[in-house]
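Peer 1: I'll drop the sequence and a predicted model, then ask my questions.
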Amino acid sequence: MAVRYRFGAADLLRCRFAISPCWETVEAVRTLKLPERHGYHLPWLDGIRGAAAGLDLRPLWLLMPHRGHNPDFLCPPPLGPDVTFEEELARVRAVDPIAAQAEIRLSLSCTPGALESGTGRALLADPERAVRDLADLAERAWHALVAPHWPRLRAILEADVLFHSRRFAASGLAGLFEGLHPDLTWSEGTLTIERRTQHDRTLDGQGLLLMPSAFVWPKVIGIYDPPWQPTVVYPARGIGALWSRAAEETPAALARLLGRARADVLCALREPASTTALAHRLGLAPSSVSAHLQALRGAGLLEPRRQRHQVFYERTPLGIALATGVPPVES
């Protein structure tokens, strides 16, 4: 059993990456429901416990069957690389209520008793109100669960996109898909996701959207039903250290050598990050982080990389050696 995306010549030119705050919000809500996802996110769960208690997430949870269809209209594939939550939520609110009703019905049918439940009947009886209420609930979940942590989440997602964009440039689609997830395989113009369902979709020139996610681990998810953009959502790299505090990872000897703040900046760059993302993670002013980055760059420990409108900093081999204690490999 598998999901297969079949590529044509035009599709090879239309593969792109994107980041979706709306998707992360819905998956954050799902993570609250699934204990098997909690391991990497315990610090986040502790921090949002009070805010989550003030939300009635049952209507969204009812549309998250253990197996089966999840309504795609709740987090439509983003149209561009830098969409905001507000832009995505506007698309949710603008969905055709009849199309939404069909998706809701299909999703409810995947959970025994959901169609007959009071919440299920209410969602189906008035689809316009259902769309409005679900969008309102997603907005509350965004502000309570995700928005306070979005700079940190966005940083790891952007670093993943940067890493895999380079892999794509260096080794093409075969090399890219090989490194995304163990359940993904690429062969003779077809991308296959090992799943419990069977589905084949020819992309017909639409290309494929690739989205990293901090909350989807350990799964990879495919969106394939028209009219939505064919999409693969995969776990972002580096989520094991997503919620760790940088100061806890900085060796004392390195702090004595470089100074605590500068050493924290160097050790926080396990993945490339922007000045703003580092400032949020370290709890420092962006101006201070910028000064530390320039000093570390001047010492040959960092190098900048520009992607679209942002500059990301990453460690050089010498910087990696200092931060990790592993000597650089001689070429």
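Peer 2: That came through, no problem. Since the structure is predicted, the reported quantities are computational estimates derived from the model, not experimental observations.
Peer 1: and the gap between the closest residue to residue 16 other than its chain neighbours and residue 272?
Peer 2: Distances taken as Cβ to Cβ, 6 or more residues apart in numbering put residue 209 closest to residue 16, at 6.1 Å, once the chain neighbours are dropped. Every residue, glycine included, has its C-beta placed from N, CA and C. For residue 209, the distance to residue 272 equals 22 Å [Cβ to Cβ, to the nearest Å].
Peer 1: Which one of those two is surrounded by more residues?
Peer 2: More crowded of residue 209 and residue 272, by other Cβ atoms under 10 Å: residue 272, with 25 against 21.
Peer 1: wouldn't that one be in contact with residue 313 here?
Peer 2: Yes. With contact defined as Cβ atoms under 8 Å, residue 272 and residue 313 form a contacting pair (6.4 Å).
Peer 1: overlap in contacts of those two?
Peer 2: residue 305 (Cβ atoms under 8 Å, 6 or more residues apart in numbering).
Peer 1: Could you report the neighbour count for residue 97?
Peer 2: Count around residue 97 with other Cβ under 10 Å applied: 16.
Peer 1: so where is the stretch 151-300 of the chain shaky, pLDDT-wise?
Peer 2: Residue ranges of the stretch 151-300 of the chain with pLDDT under 70: 245-248.
Peer 1: run the last query once more with 80
Peer 2: For the stretch 151-300 of the chain, the stretches flagged by pLDDT under 80 are 195-197, 240-241, 244-249, 270-271, 280-281, 283.
Peer 1: could you pull out the strands for it?
Peer 2: Secondary structure of the stretch 151-300 of the chain (DSSP state E, counting those that start in this stretch): strands at 184-187, 190-194, 199-202, 209-213, 221-223, 231-235.
Peer 1: Now for residue 98, how many residues are close by?
Peer 2: For residue 98, the neighbour count with other Cβ under 10 Å is 9.
Peer 1: scratch that, residue 45
Peer 2: 16.
Peer 1: Give me the distance between it and residue 251.
Peer 2: Distance, residue 45 to residue 251, by Cβ to Cβ: 28 Å.
Peer 1: ditto for residue 99
Peer 2: According to Cβ to Cβ, residue 99 stands 55 Å off from residue 251.
Peer 1: For the residue positioned nearest the centre of the chain, give the beta-bridge partners.
Peer 2: Note on the chain: the residue nearest the mean C-alpha position is residue 213, at 2.0 Å, using Cα atoms, centre = their mean. Beta-bridge partners for residue 213, by DSSP bridges, are residue 235.
Peer 1: Now for it: which residues touch it?
Peer 2: By Cβ under 8 Å, 6+ apart, the contact set of residue 213 is 23-24, 27, 157, 233-236.
Peer 1: show me what contacts residue 141?
Peer 2: Residue 141 makes contacts with 25-26, 28-29, 55, 57, 60, as judged by Cβ under 8 Å, 6+ apart.
Peer 1: Identify each buried residue in the helix or strand hosting residue 24, please.
Peer 2: Secondary structure assignment for residue 24, by DSSP states H and E: helix 21-33. For helix 21-33, the neighbour count (16 or more other Cβ atoms under 10 Å) marks 21-32 as buried.
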